[in-house]
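# need a structure here:
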Amino acid sequence: MSPRFQTVLFDLDGTLIDSEELILASFRHTLRTHRDAVPPDEVFRVTIGQPLVVQFRSWARDDEELDAMIRTYVEHNRARHDSMVRPFPGVDPVLERLRREGVRLGIVTSKRGQIAERGLRRCGIPSEWFAAIVTSDDVTRYKPDPEPVTLALARMGETDPGRTIFVGDSTHDMKAGRAAGTRTAAALWGPYSRAQLEPTSPDYWLPAPSSIWEIRDGLPPPG
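Modelled structure (predicted):
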């Protein structure tokens, strides 16, 4: 990796692990249970990458119902987690090579800590590979606010955000990274399309996990 990039932060869902179908199935179940209706999946996809309390607030009539929706979602999600979550092909070799080359790795996710750790285990990604894992348990403001990214950098001892690339699949990731002063790289293998991500002006486009090597000299990969 070029010396200018000493640290790489990753989002979790849609970037390191493939949990899209689990997330959508849990959303469908929750809305079917509490609203007896299931909106199109695209309504859910644009909220992926934010905490459940943010995702369900617009659906709930009050705080009591919000809490009930979150409980329904979590129960459904945890019961099916291990059978539906899987690793993205090509992620593991990229992480291993980054570590070999001395690049510090971190995770910034809107998931709760316990379920984030479970997702990593399910996909065979050791949590020990990451110098910092920041979850929704650690912050009071969530992506797209820069707080989670800034906290990860602080925990890793990185004083220059410009030496960091934040790799994520959502608009929330791109906005958070940009606000925190990092370079941003859009992972196009997640649920967000390039058209959805383009308004956030990522510094780099990554068609596949291995595309990270094409930006080692600071040049965006083709495509």
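
# got the buried residues for the least confident helix or strand in the chain by mean pLDDT?
None of the helices or strands of the chain scores lower by mean pLDDT, DSSP states H and E than helix 41-45, at a mean of 88. By neighbour count with 16 or more other CB atoms under 10 Å, helix 41-45 contains the buried residues 44-45. Yep, even glycine has a C-beta here, placed from its N, CA and C like the rest.

# past it, which element shows up next along the chain?
The helix or strand immediately downstream of helix 41-45 is helix 52-57, counting by DSSP states H and E.

# list the buried residues in that next one.
Buried residues in helix 52-57 (16+ other CB under 10 Å): 52-53, 55-56.

# for it, the averaged confidence score.
Taken as a whole, helix 52-57 has a mean pLDDT of 92.

# identify the residues contacting it?
Here helix 52-57 makes contact (CB atoms under 8 Å, 6 or more residues apart in numbering) with 27, 30, 44, 47, 66, 69-70, 73-74, 142.

# pLDDT weak spots in this protein?
For the chain, applying pLDDT under 70 flags the ranges 1-4, 216-223.

# where along it do the helices fall?
20-35, 41-45, 52-57, 63-84, 91-100, 113-122, 147-155, 171-180, 194-197 (DSSP state H).

# which stretch among those is buried most, on average?
Among those, helix 171-180 has the highest mean neighbour count (mean count of other CB atoms under 10 Å), at a mean of 24.

# helices or strands next to that one in the packing?
helix 147-155, strand 164-168, strand 183-187, helix 194-197 (3 or more CB pairs under 8 Å, 6 or more residues apart in numbering; DSSP states H and E).

# out of the ones you listed, which gets nearest to Met174?
When these are compared by CB to CB, strand 183-187 sits nearest Met174, at 4.8 Å.

# what's the closest of the contacts of helix 52-57 to Gln196?
Thr47 (12.1 Å).

# how close does that closest one get to Glu198?
For Thr47, the distance to Glu198 equals 19 Å [CB to CB, to the nearest Å].

# what's the answer for Leu16, then?
Distance from Leu16 to Glu198, by CB to CB: 23 Å.

# mind checking which of the two has more residues around it?
Leu16 (29 against 13; other CB atoms under 10 Å).

# next, give phi and psi for the residue of the chain positioned farthest from its centre.
Centroid-distance maximum for the chain: Asp36 at 29.2 Å, with CA atoms, centre = their mean. When read as degrees, to the nearest 10, the backbone of Asp36 gives phi 50, psi 30.

# Thr47 too?
Torsion angles, degrees, to the nearest 10, at Thr47: phi -100, psi -10.

# distance of the nearest residue to it once chain neighbours are set aside from Phe44?
Leaving out its chain neighbours, the residue that sits closest to Thr47 by CB to CB, 6 or more residues apart in numbering is Gln55, at 4.5 Å. From Gln55 over to Phe44 the distance is 8 Å, taken as CB to CB.

# same question, Ile165
Distance, Ile165 to Phe44, by CB to CB: 28 Å.
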